[in-house]
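Undergrad: What follows is a predicted protein model with its sequence.
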Amino acid sequence: MEICPIAHIRSDFSEKFGIPRQSGLVEELTAAVVFEPPYRVPDALRGLEGFSHLWLIWEFSQARREGWSPTVRPPRLGGNKRLGVFATRSPFRPNPLGLSCVRLVEVRQDRALGPVLTVAGADLLDGTPIYDIKPYLPYADCKPEAVGGFAAQPKGADLEVDCPDRLLDCVPEGKRAALLAVLAQDPRPQYQDDPNRVYGMAFAGLEVKFQVAGERLTVTEIS
């Protein structure tokens, strides 16, 4: 079977570092789904506005590699324990496909791009190819009794973020809440804990630098 992208996402993340580890963790994040020219057909989206959430099926486009490994090291377990690849959501899979549930904010018509979807809570790198879009059906897709294995509990927003007003003023007003929410999730690899290290994260065309000591993240520079 051959598949081709029907769309690409436009998000605030030009690099992998800092992207939320699952969809829906940072609802303040918004992104745009821009269709490829053959699929810029309004009729293809007829009725979509009646759904609050969507499934995006996409490719880990920066995780392509020859061959595959039957086991991986989930960051959630500190990168020290191997589990079967099919028991994880690792990007390093035989077929590097991702699945994200996002909230549909708006279906709009753009003069140049045709129909564009605004979605919230996406965990995708800017430019990620999207292969399919399906509506989320609560009666079929929501399973309150489901068991989540080693990732049963979501990793909460653990950090208190200290960002001086003079630095936060460098961020467009509509992006500030999303940036602070992303930082509160702790973008660092889960096995790193060096209070002296300065981390850098690309977000919305800006470079955000920060340090983490204990439960406090301090933004040191935004440029």
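TA: Nice, I can see it.

Undergrad: Show me what the top helix by length along the chain is packed up against.
TA: Taking DSSP state H as the criterion, the chain has its longest helix at helix 176-184. Helix 176-184 is packed against strand 160-162, strand 199-203, strand 206-213, strand 216-222, with contacts defined by 3 or more Cβ pairs under 8 Å, 6 or more residues apart in numbering; DSSP states H and E. Quick note: C-beta positions are derived from backbone N, CA and C, even for glycine.

Undergrad: Let's see that with 10 Å instead.
TA: Packing contacts for helix 176-184, counted by 3 or more Cβ pairs under 10 Å, 6 or more residues apart in numbering; DSSP states H and E, involve strand 160-162, helix 165-168, strand 199-203, strand 206-213, strand 216-222.

Undergrad: Nearest the middle, which residue of this protein would you pick?
TA: What sits nearest the mean C-alpha location of the chain, by Cα atoms, centre = their mean, is residue 123, with 0.8 Å.

Undergrad: tell me which residues of the longest strand seen in the chain are tucked away?
TA: When the chain is parsed with DSSP state E, its longest strand is strand 97-110. For strand 97-110, a neighbour-count test (16 or more other Cβ atoms under 10 Å) marks 98, 100, 101, 102, 103, 104 as buried.

Undergrad: Residue 81: which of the helices and strands packed on helix 176-184 is closest?
TA: Minimum separation from residue 81 across those (Cβ to Cβ) falls at strand 206-213, 23.3 Å.

Undergrad: what distance separates the start and the end of stretch 109-128?
TA: Using Cα to Cα, to the nearest Å, the end-to-end distance of stretch 109-128 comes to 21 Å.

Undergrad: show me the contacts for residue 196.
TA: Contacts for residue 196 (Cβ atoms under 10 Å, 6 or more residues apart in numbering) come out as 211, 213.

Undergrad: Actually, residue 122.
TA: 9-13, 19-20, 23-24, 26, 29-33, 54, 56, 58, 100-103, 128.

Undergrad: try 8 Å this time
TA: By Cβ atoms under 8 Å, 6 or more residues apart in numbering, the residues touching residue 122 are 9, 11, 23, 29, 30, 31, 56, 100, 102.
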